[in-house]
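Engineer: Could you look at this predicted model? Sequence included:
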Amino acid sequence: MLEKGLRGEAKMEVVAGNTASEVGSGSVPVFATPMLVALMESAAIDALRDKLPAGQSTVGTKVEIVHTAATPLGMTVTARAELVEVDGRRLVFTVSAQDEAGPVGEGRHERFTIDLEKFMSRVEKRKSYND
């Protein structure tokens, strides 16, 4: 069973490929907000590592963050997540991120536990929606 207090972490170096100008979220060569979101999600996933029963996983359903500072090329962004609420299948994390100079973002992230087989079956059914 998942309990509040689980913590995870993820790191990413800022390189040309994860800047706003490269991923299409802006025109400047700094760490892109979509990459910050992905890094925060990775930290939440890390908090759950080896905690879910076989055949289960989680999917992200909601992200509410503020990106408060720009991180230049060559620096490393570290995201941290803490599980603060468990409501059935719904998991809520506080997330934060910093680089070597200080905080760069914070917020909340929501995930739901899923049964992989059932989930993938529903995904496959969506493929035939346009047929």
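Structural biologist: Yes, it's here. Numbers count the residues shown, from 1 in each chain.

Engineer: CA atoms for contacts and neighbours, from now on please.
Structural biologist: Will do.

Engineer: Just give the nearest non-adjacent residue to Pro72, would you?
Structural biologist: Nearest non-adjacent residue to Pro72, counting by C-alpha to C-alpha, 6 or more residues apart in numbering: Val30, 4.8 Å away.

Engineer: got the contact list for that neighbour?
Structural biologist: 14, 19-21, 70-73 (C-alpha atoms under 8 Å, 6 or more residues apart in numbering).

Engineer: The same query, at a cut-off of 10 Å, please.
Structural biologist: 14-16, 18-22, 69-75 (C-alpha atoms under 10 Å, 6 or more residues apart in numbering).

Engineer: Can you tell me which of these end up in helices?
Structural biologist: By the criterion of DSSP state H, membership of those in helices covers 20-22.

Engineer: would JSON lines of these with neighbour count, pLDDT and distance to Asp99 be doable?
Structural biologist: Below are these laid out as JSON lines (neighbours: other C-alpha atoms under 10 Å; pLDDT from 0 to 100; distance: C-alpha to C-alpha, whole Å):
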{"residue": "Ala20", "neighbour count": "19", "pLDDT": "98", "distance to Asp99": "16"}
{"residue": "Ser21", "neighbour count": "16", "pLDDT": "98", "distance to Asp99": "19"}
{"residue": "Glu22", "neighbour count": "17", "pLDDT": "97", "distance to Asp99": "20"}
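
Engineer: Now which of the contacts of Val30 would you call buried?
Structural biologist: The neighbour count (16 or more other C-alpha atoms under 10 Å) marks 14-16, 18-22, 70-72, 75 as buried among the contacts of Val30.

Engineer: What is the three-state secondary structure of Gly26?
Structural biologist: What DSSP: H, G, I helix; E, B strand; the rest coil gives for Gly26 is coil.

Engineer: That one touches Thr33, doesn't it?
Structural biologist: Yes. Contact criterion C-alpha atoms under 10 Å: Gly26 and Thr33 qualify, at 9.1 Å.

Engineer: Just want to know which of these two has more residues nearby.
Structural biologist: Neighbour count, other C-alpha atoms under 10 Å: between Gly26 and Thr33, Thr33 has more, with 21 against 13.
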